[in-house]
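> Curious how this folds, go ahead:
(chains A and B)
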Amino acid sequence: MIRIANGQGFWGDSLEAPLEQLRRGPLDYLTLDYLAEVTMSILQKQRSRDPRAGYARDFVEMIGRGAVDIASSGIKIVANAGGVNPEACRDAVAKALNRPGTRIGVVAGDNILDRLEDLIAHGVELKSMDTGEPLASILPRVQSANVYFGGEAIAHALAQGAQIVITGRTTDTGLVLGPMIYEFGWKADEWNKLAAGTIAGHTVECGAQCTGGNCQVDWRNLPDMAGIGYPIVEADPDGTFVITKHPGTGGRVTVASIKEQLLYEMGDPREYITPDCIADFTSIQLEQVGPDRVRFSGILGKPATDMYKVSISYSAGFKAIGTLMYSWPDAYAKAQAADAILRERLHRLGLHFDAIRTEFGGVNACHGTLAGEPSPEIAEVVLRVGVRSADRAPVERFTKEIAPLALNGPPTVTGLGSGRPKVEEIVAYWPALIPKTEASPEISVEET
Amino acid sequence: MARVKLVRIAHARSGDKGDTANVGLIALKPEFYPLLVQKVTADRVKEHFAGICLGAVQRFELPNLGALNFLLHESLDGGGTLSLKADAQGKTYSAALLRMEIDIPDDFLK
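Residues are numbered from 1 along each chain as shown, chains lettered A, B, ... in the order given. Take a look at the predicted model:
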């Protein structure tokens, strides 16, 4: 049995969680997920300004703070913190760790930004999986393009003796599956086992979202949520595993908390497609085998497809969102009146937007008309207006029309503390597929 | 027959993939699952999310988990960073589905 922990569900997750995972008990692996779909474009921008940037700096800081524990325990660490510059991330990690002789592996080769024109020229259209449009239609606006590699590449890096593996855009599930492939010697066609490792990865990839975080069942009574424990997979070579957490930590691992996470961001549950296999979520058997211990068994998988998914981001215009808060009496009516005044002013200014959207926080922002009509005595309502345009200018002008409403609109309004809203560049996501023959992971392991 | 909100018999979690939201609906007890299968159809969910879900609704069954998974297409104002919604990732659609009322036998919750 090996113990694989998750200490990070996304870039921006708890800075303390990975250190707590390291210090509270024995582990074989610590995995950390830093990359969301839009993260790559942010990192690509950072790298274009500074050739040594473009990776998750939080990871380097974590390695520095945990260096003594990492060295003394011999724990292996797998993180997709490399972003668009895994080599620079490795150098920074080596420095932060400051332990000469440590073997650090890098999985690169996922960044195909510079190859897009060539690929299109020889017939790889990289059509949007959402719309079917070929990438050529937005090529000049593309900001990043990364292939999702799976757990196999990570297993290769581990087999070359890496104690720390830093990847670019690998799948979240691969971070957990990779160590299992390596430790258990799973073959590339043992689909049920690969599916089990993939499902273990899916369960823990969002950190504490499987240990009581964001859990609807009995949420008031979950113990010590301030010190919530992050998940640990106790994996066996036959593909069964237990999800648990360190003793003495908060939250709760139950069949209910696990089921919620299993369904998170789920498509067709019979066809969960990764580069490593296709996992069947309808085969999972769950059993509560002790406090904070849920056992998985029975998992089935099918052969992987011959395609990798590609995560492409592109510039898609500008947006801004302004908010104002109106108090009782007639809070909702005031917010509605202010919205009408604002829209009329935008109209008189001759501004055009691709979209303008109004929501009323406290009334309908989350659930729309399902929420019903608010009480006439409602204490306060947040007016939230957003605009979107291919051009920056009208969005910029919009940001200057919010604050005046504090003095020249309906009464009892506040909430302007942070000044004018910011114009944000929209970086949209373009998922596509690429034949596996067109991209392969580049694995290197070096001693510091 | 008694009319109850789904929140009495189920829990849920939702998330996003582009402009599609997914809502996983899970029976609080195994005996509630057949009721969910029978009553919470894709059509019913589409009707429930009128004004929010502008596309089709797909339903998948996971009897092993006592759960249904719904895909609500065109529900996030374009999704991701394009979206102007406060809930651009549909994180609260789980609770929105739990507002749905269904008819159940009178003695079912006893």
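
> Going by C-alpha atoms from here, please, whenever you check contacts or count neighbours.
Will do.

> next one: the lowest-mean-pLDDT helix or strand in chain A to chain centre, how far?
When each helix and strand of chain A is scored by mean pLDDT, DSSP states H and E, helix A:39-49 comes last, with a mean of 88. On the basis of CA atoms, centre = their mean, to the nearest Å, helix A:39-49 sits 16 Å off its chain's mean C-alpha point.

> moving C-terminal of it, what's the next helix or strand?
Scanning forward in sequence from helix A:39-49 by DSSP states H and E, the next helix or strand is helix A:57-73.

> Could I get the buried residue list for that following helix?
A:57, A:59-64, A:66-67, A:70 (16 or more other CA atoms under 10 Å in any protein chain shown).

> ok, and what's touching it?
Helix A:57-73 is contacted from outside by A:11, A:15, A:18-19, A:22-23, A:26, A:76, A:81, A:89, A:92-93, A:96-99, using CA atoms under 8 Å, 6 or more residues apart in numbering or on different chains.

> count of neighbours near residue A:217?
Neighbours of residue A:217 under the rule other CA atoms under 10 Å in any protein chain shown: 17.

> Relative to residue A:262, how far out is it?
Distance, residue A:217 to residue A:262, by CA to CA, to the nearest Å: 15 Å.

> Same check on residue B:13?
9 Å.

> Please apply the same query to residue A:54.
Remark: distance between residue A:54 and residue A:262 (CA to CA) = 31 Å.

> more crowded one of these two?
residue A:54 (26 against 23).

> quick one: pLDDT of the more buried one?
Residue A:54 carries a pLDDT value of 95.

> With residue A:417 instead?
Among the per-residue scores, residue A:417 holds a pLDDT of 67.

> So which bits of chain B are right by chain A?
Listed as neighbours of chain A in chain B under the rule CA under 8 Å from any CA of the partner chain: B:11-18, B:21-24, B:26, B:48-49, B:51-52, B:60-65, B:69, B:71, B:80-82, B:84-87, B:92-93, B:96, B:99.

> could you flag which of those residues are buried?
Looks like those have B:11-18, B:21-24, B:26, B:48-49, B:52, B:60-63, B:65, B:69, B:71, B:80-82, B:84-87, B:92-93, B:96, B:99 buried, using 16+ other CA under 10 Å.

> OK, contacts around the residue in the stretch 151-300 of chain A positioned nearest to chain B?
Nearest to chain B in the stretch 151-300 of chain A, going by CA to the nearest CA, is residue A:265, at a distance of 4.8 Å. Counting by CA under 8 Å, 6+ apart, residue A:265 makes contact with B:14-17, B:21-22.

> Can you give me the neighbour number for the residue lying closest to residue A:317 once chain neighbours are set aside?
Distances taken as CA to CA, 6 or more residues apart in numbering or on different chains put residue A:390 closest to residue A:317, at 4.0 Å, once the chain neighbours are dropped. Residue A:390 has 16 neighbouring residues, counting by other CA under 10 Å.

> Then residue A:139?
Neighbours around residue A:139, by other CA under 10 Å: 13.

> so what pLDDT did it get?
For residue A:139, pLDDT reads 97.

> That one in helix, strand or coil?
Three-state assignment for residue A:139 (DSSP: H, G, I helix; E, B strand; the rest coil): helix.

> center of chain B, which residue is that?
Taking CA atoms, centre = their mean, the centroid of chain B lies closest to residue B:97, which sits 4.2 Å from it.
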